[in-house]
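In: coordinates for the following, if possible.
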Amino acid sequence: MLRRVLCFAFLIALLAVSQVGYAAKAATSLQTNEQAGKRLLAVIKTAGASTAPGREQLTQIRWANHIDAVTGAGRLRIVIDATGPVQAAGSLEAATTPRLVVNVKGAVPGQTDCDLTLDGRIADSVTMKADDGKNTVIVVDMPLLADEDGYKVFTLPQDPANKKPFRVVIDINQPFPPIKFNFTPGLKGKTIVIDPGHGGSDPGAIGLSGLQEKAVNLAVSLRVKALLDKAGAKVLMTRQDDRDVFGPNASAVDELKARASVANFKKADIFVSIHANAATNRDADGTTTYYFQKTRYDSLLARNLQAGMVQAVGLKDKGFLTANFYVIKRTIMPAALVELAFLSNPAEEKLLANPQIQQKMAEGIVQGMERFFAQAAKGGEQ
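Out: Below you'll find the predicted structure:
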């Protein structure tokens, strides 16, 4: 209760808080205009706490959403006042849920730690806690992971002329327009993106007999597409032949971003990336599916894909696991990356080269998709 009182007792003082910008020329871009959807909603004030010599305090926190009138792009700005100069730096973390972690050196929260609930457009909450009694860790939890270049953390100096203190500023751009998931049973009418891993200049893993992963991935993906087309789904392929998706000699990030963008720009229902595994241990075997839990449905998709493949092909069930893979964390819809089998295992390499086994793998993936939509339509019920 004390924390809640401290977090909101000074909400009335909100109306007197001046707007904050990157600099003076940008100050007018952040307005407290309800009709424009730009709000400054919360103030935490912890003035009056004693400060140890040489140690500053973080005294107020405010936040606002800004929607650009021209582009429609969204941005969240969080501003934290300090009693003196501090240093701040941020980093994205691929936790179970996406978050931005900001480390503020040289200042502690005034009087108490604080948890603040936001509106969920770009971020869900802000947690501010002391670190070793000398610094502060600020965690911004988000429904979708921000782009690496989609956030800024910086400090502003004291501005006596305008009665502004030292400030820490956190800006987070909205990655993409939000999607409302309202799944229905069945594959008909669904927009599904299939991503055959690797391709072009990137062969992926290579088996002992010379079988290249990019060829296996494409062969199975095309079989998945054929089955989905027959079921009435709208299928988008990141590639339909042996090529780089972004372009020849592209960086790894550009190539992966191009694959995720196919799904994001089309606002697909689900995204599935198809791969073959490899390990230094030639005995490693089995099927695995990976997910990054950025929506409530990612693990559900992975679980059903894994079950479908294991049932259809009968290889060792290595489970569905969390992973920090770019294409599944940077897609805004439920996504999964399947590892069909191990190319590095001589026995499984032969299976991956077999068209009949490729067809069974494709059937298992499609069966998993169908089960996913049936369960998602019930809110994720088993």
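In: so where's the stretch 201-350 of the chain uncertain?
Out: Counting by pLDDT under 70, the stretch 201-350 of the chain shows no low-confidence range.
In: all the helices of it, in order from the start?
Out: Secondary structure of the stretch 201-350 of the chain, counting by DSSP state H, counting those that start in this stretch: helices at 213-230, 252-266, 298-313, 326-329, 346-353.
In: give the other helices and strands that the longest one contacts.
Out: Here helix 213-230 touches strand 191-196, strand 234-237, strand 270-277, helix 355-376, going by 3 or more Cβ pairs under 8 Å, 6 or more residues apart in numbering; DSSP states H and E. All C-beta spots, glycine's among them, are computed from the backbone N, C-alpha and C.
In: Ile80: which of these is closest?
Out: When the helices and strands packed on helix 213-230 are ranked by proximity to Ile80, the top entry is strand 270-277, at 35.9 Å, counting by Cβ to Cβ.
In: OK, contacts around the residue nearest to the spatial centre of the chain?
Out: Geometric centre of the chain, nearest residue: Leu145, 3.0 Å, by Cα atoms, centre = their mean. Contacts for Leu145 (Cβ atoms under 8 Å, 6 or more residues apart in numbering) come out as 92, 94, 98, 175, 294, 329-330.
In: most neighbours among the residues you listed, which one?
Out: Arg330 (26 neighbours; other Cβ atoms under 10 Å).
In: what's the distance between that one and Arg259?
Out: 9 Å (Cβ to Cβ, to the nearest Å).
In: now do Pro98
Out: As for Pro98, its distance to Arg259 is 19 Å (criterion: Cβ to Cβ).
In: what's the answer for Leu300, then?
Out: 22 Å.
In: could you export stretch 247-259 as PDB, CA atoms only?
Out: C-alpha atoms of stretch 247-259 as PDB (Å, rounded to 0.1, in the frame of the first residue of the first chain):
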ATOM      1  CA  GLY A 247      20.200 -10.100 -51.500                       C
ATOM      2  CA  PRO A 248      23.600 -11.500 -52.300                       C
ATOM      3  CA  ASN A 249      26.400 -10.800 -49.800                       C
ATOM      4  CA  ALA A 250      23.900  -9.400 -47.200                       C
ATOM      5  CA  SER A 251      24.900  -9.200 -43.600                       C
ATOM      6  CA  ALA A 252      23.400 -11.800 -41.300                       C
ATOM      7  CA  VAL A 253      21.100  -9.200 -39.600                       C
ATOM      8  CA  ASP A 254      19.900  -7.900 -42.900                       C
ATOM      9  CA  GLU A 255      19.100 -11.400 -44.100                       C
ATOM     10  CA  LEU A 256      17.200 -12.300 -41.000                       C
ATOM     11  CA  LYS A 257      15.400  -9.000 -40.800                       C
ATOM     12  CA  ALA A 258      14.200  -9.500 -44.400                       C
ATOM     13  CA  ARG A 259      12.600 -12.800 -43.500                       C
END
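In: buried residues in that stretch?
Out: For stretch 247-259, the neighbour count (16 or more other Cβ atoms under 10 Å) marks 250, 255-259 as buried.
In: what distance separates it from the centre of its chain?
Out: 18 Å (Cα atoms, centre = their mean, to the nearest Å).
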